[in-house]
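Asks: Sequence and predicted structure, then a few things I'm wondering about:
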Amino acid sequence: MTTIKHIAQQAGVSVTTVSRALNGYSDVNVKTREKIKNIAKELNYSPNSLARSLVKNQSETIGLLVSGFTKESVKDGFTVEVMSGINNFLSETEYDLILFNTDSSKQRKKTYTQLCKERRVDGVILQGIKRDDPYLQEVLDSDFPCVFIDIPVSSDHVGYVSTNNMEGAKKAAAHLLENGHKEVAMINGHEQAFVSRERLEGYKSALKEFGLPFKEQLVEDGGFMEEEAYQKTLSLLRKNKSIDGLFCASDLMAIGAMRAAKELNIKIPEELSIIGYDDIPLAKYVSPSLTTISQDKYELGFQSARMLVSMLREKTAPEQSILETKLIKRESTK
């Protein structure tokens, strides 16, 4: 196996010069640096990434920490698309990506800082953290470079990338109201999700704009789960026969809601219009196809990786980046 000693011998320079040249230090003469790089290439030199990380005190690894990454959550493909965006950005850099999943029981055993130190990551992208999550305050209190996805909280070492959830939800409810629906209900996620709070505000804002009162009995939490949304929609529609429009804060919940409506022999969209949020791949294949609010999940990942790498490489200040949404009209609304 080729080592930097072999390269040093062939180049007629010291081992230190080879090491500094290969690690991009500017104090090595340009001609010498090019000569060393060419010899390294000829000898098929492959650097020992672990040894290099120990010398530089950097692992050149970024962590993606996802809270509650379960079999159920894989259905909507949200995290997979986010990961794709992160990975595609990092593929153009020297950074590698590792995924680590956490939940409340794991977090009681290990702090956020311990987790990051054990995995030797230079920075972390966090997704799925709840408002009452103990990791949230830990992240803000530590000095570890971090970017949140869909968690609009920042500090001098924490940035975030999010969708304009309030505006997206307002578009969804307004689409139903513009089309003559008078009693529009909502299946939200859960009260500890940042996006749920914002989407509820968007729904309320649309009602206000159309001169309609907010009725608490028309809002149920479906926990972003298809089955839970199905059960809550059954209950909602049985109690409130006048509901003619339903906004669901995720497509997965909208699919559960559609199943409930069909079970009650309520025709979609003739008697009940349903709109979702996310524009997951399944949305266009269910029958009727689902009208939804599209958010760019790939871009959420791509921009979070771009921001974190900029913080690590260029020592730039964390940003607060908000992405826009788009209404996708299909067959589930009239």
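Replies: Now that the structure is in, tell me what you want to look at.
Asks: List the residue ranges of the protein that fall below the pLDDT cut-off.
Replies: 1, 24, 47-59, 70-74, 103-108 (pLDDT under 70).
Asks: Mind doing that once more with 80?
Replies: Residue ranges of the chain with pLDDT under 80: 1-3, 22-26, 45-59, 68-76, 101-110, 113, 117, 119.
Asks: For the residue nearest to Cys248 when sequence neighbours are not counted, give its distance to Thr292.
Replies: In space, Cys248 comes closest to Ala254 once its chain neighbours are excluded; the distance is 3.8 Å by Cβ to Cβ, 6 or more residues apart in numbering. To be clear about C-beta, it is placed using only N, CA and C from the backbone, and glycine gets the same treatment. Ala254 sits 7 Å away from Thr292, going by Cβ to Cβ, to the nearest Å.
Asks: Need the overlap of contacts for these two.
Replies: By Cβ atoms under 8 Å, 6 or more residues apart in numbering, Ala254 and Thr292 have these common neighbours: Ile275, Gly276, Tyr277, Ala283.
Asks: Buried only: go through the residues you listed for me.
Replies: With burial judged by 16 or more other Cβ atoms under 10 Å, the buried subset of those is Ile275, Gly276, Tyr277, Ala283.
Asks: Just the closest of those to Glu138, please.
Replies: Comparing those against Glu138 with Cβ to Cβ places Tyr277 closest, at 29.3 Å.
Asks: ok so that closest one is a strand residue?
Replies: Yes - according to DSSP: H, G, I helix; E, B strand; the rest coil, Tyr277 belongs to a strand.
Asks: May I ask you to confirm that it is in contact with Leu246?
Replies: No - using Cβ atoms under 8 Å as the test, Tyr277 is too far from Leu246 to be in contact (11.9 Å).
Asks: where do the contact lists of the two overlap?
Replies: Here Tyr277 and Leu246 have Ala254 as joint contacts, going by Cβ under 8 Å, 6+ apart.
Asks: Show me the strands in the stretch 51-200 of the chain, by range?
Replies: Secondary structure of the stretch 51-200 of the chain (DSSP state E, counting those that start in this stretch): strands at 61-67, 96-102, 123-127, 146-149, 158-163, 184-188.
Asks: And those strands: which comes nearest Lys315?
Replies: When the strands of the stretch 51-200 of the chain are compared by Cβ to Cβ, strand 123-127 sits nearest Lys315, at 11.9 Å.
Asks: List the strands paired with the closest one, with their directions.
Replies: Applying DSSP bridges to the sheet, strand 123-127 is found paired with strand 61-67 (parallel), strand 146-149 (parallel).
Asks: any idea which of the ones you listed is most buried?
Replies: Across these, the average number of neighbours (mean count of other Cβ atoms under 10 Å) peaks for strand 146-149, which reaches a mean of 26.
Asks: Neighbours of Tyr45, how many?
Replies: Residues lying near Tyr45 (other Cβ atoms under 10 Å) number 18.
Asks: Is the closest residue to Arg20 other than its chain neighbours in a helix, a strand, or coil?
Replies: Nearest non-adjacent residue to Arg20, counting by Cβ to Cβ, 6+ apart: Val28, 5.2 Å away. Recorded secondary structure, Val28: coil (three-state DSSP).
Asks: number of nearby residues for Val28?
Replies: 20.
Asks: quick one, helices of the stretch 51-200 of the chain?
Replies: Counting by DSSP state H, counting those that start in this stretch, one finds helices in the stretch 51-200 of the chain at the ranges 71-74, 78-90, 104-109, 112-119, 134-141, 165-178, 194-209.
Asks: what comes up buried for stretch 229-241?
Replies: Ala229, Tyr230, Lys232, Thr233, Leu234, Leu236, Leu237.
Asks: Using JSON lines, lay out the residues you listed together with secondary structure and distance to Ser142.
Replies: Formatted as JSON lines, these follow (DSSP: H, G, I helix; E, B strand; the rest coil; distance: Cβ to Cβ, whole Å):
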{"residue": "Ala229", "secondary structure": "helix", "distance to Ser142": "36"}
{"residue": "Tyr230", "secondary structure": "helix", "distance to Ser142": "40"}
{"residue": "Lys232", "secondary structure": "helix", "distance to Ser142": "38"}
{"residue": "Thr233", "secondary structure": "helix", "distance to Ser142": "41"}
{"residue": "Leu234", "secondary structure": "helix", "distance to Ser142": "44"}
{"residue": "Leu236", "secondary structure": "helix", "distance to Ser142": "42"}
{"residue": "Leu237", "secondary structure": "helix", "distance to Ser142": "46"}
